[in-house]
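**Q** I would like the atomic coordinates for the input below:
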Amino acid sequence: MPVDEFPAAFKAAAAILADRDRAQIRGQKPLSIRNAAVKFNTSPSAVQRALSSLQKPDPIPRSPGRPRSLMNAEDEALVAFVMWFQRAGFQITKSQLVSAANDIRRRRDPEFEDVGKNWYCRWLQDHPEVQKSCFKPENKPGVSYEASSAEILLKFFGKPEEYRFRLSDRRLRVLE
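**A** Predicted coordinates for the structure are as follows:
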């Protein structure tokens, strides 16, 4: 961001900080907040706020309100999980997404409770890139899927009576 795009209060605060260093070397009085406000055509209180925000170790203010359910890294992992499902050709449901979020939170601290009831809607608003892949399941009346007959299934899967499976040594063996 070029210096010309900064607000006048921040320009005045930067001038005050620069002049403080120079004034100590030269032995002169540094630029005051009122003089800087007049010079940059802004209010002294705005210059004071800008000066205090520049002198803080963390100049970026935290967002108000309670902390988010997921940290940034956890949130990115959840987005990657949804994108992976989407690339595989599956649509992730609300319950799968909420379950994954709860699992991720519990890895950090097993005592965490489940995410809130409004978490899903807020998360979708925060991540529009995954909105198309997250759908609520719809139950349409009159639509059902049934196997029409056992013959079709046997024809599709071949002859299952030829194979017998036995589970031993944690391996699946086919006996002829």
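
**Q** What is the three-state secondary structure of residue 122?
**A** helix (DSSP: H, G, I helix; E, B strand; the rest coil).

**Q** Quickly note the distance from it to residue 29.
**A** 52 Å (CB to CB, to the nearest Å). Where you see a C-beta, it was placed from the backbone N, CA and C, and this is true even at glycine.

**Q** likewise residue 20?
**A** Residue 20 is 10 Å from residue 29, by CB to CB.

**Q** now do residue 81
**A** 60 Å.

**Q** Same question for residue 66.
**A** In terms of CB to CB, residue 66 sits 46 Å off from residue 29.

**Q** swap in residue 55?
**A** Computed as CB to CB, the residue 55 to residue 29 distance reads 19 Å.

**Q** about what we covered before: residue 81 and residue 29 - which one has more neighbours?
**A** Of the pair residue 81 and residue 29, residue 81 is the one with more neighbours under other CB atoms under 10 Å, namely 17 against 9.

**Q** quick one, what contacts that one?
**A** 92, 100 (CB atoms under 8 Å, 6 or more residues apart in numbering).

**Q** quick one, phi/psi of it?
**A** Phi and psi for residue 81, reported as degrees, to the nearest 10, are phi -60, psi -40.

**Q** per-residue pLDDT, it?
**A** Residue 81 carries a pLDDT score of 88 in this model.

**Q** cool, residue 132 as well?
**A** 62.

**Q** do residue 28 as well
**A** 75.

**Q** Quick check: the gap between the residue nearest to residue 120 when sequence neighbours are not counted and residue 106.
**A** Nearest residue to residue 120 in three dimensions, chain neighbours excluded: residue 94, at 5.5 Å (CB to CB, 6 or more residues apart in numbering). From residue 94 over to residue 106 the distance is 19 Å, taken as CB to CB.

**Q** helix, strand or coil for residue 101?
**A** Under three-state DSSP, residue 101 comes out as helix.

**Q** dump the residue contacts of the nearest residue to it once chain neighbours are set aside.
**A** Nearest non-adjacent residue to residue 101, counting by CB to CB, 6+ apart: residue 115, 5.3 Å away. Residue 115 sits next to 69, 98, 101-102, 105 when contact means CB under 8 Å, 6+ apart.

**Q** That'll do, ta.
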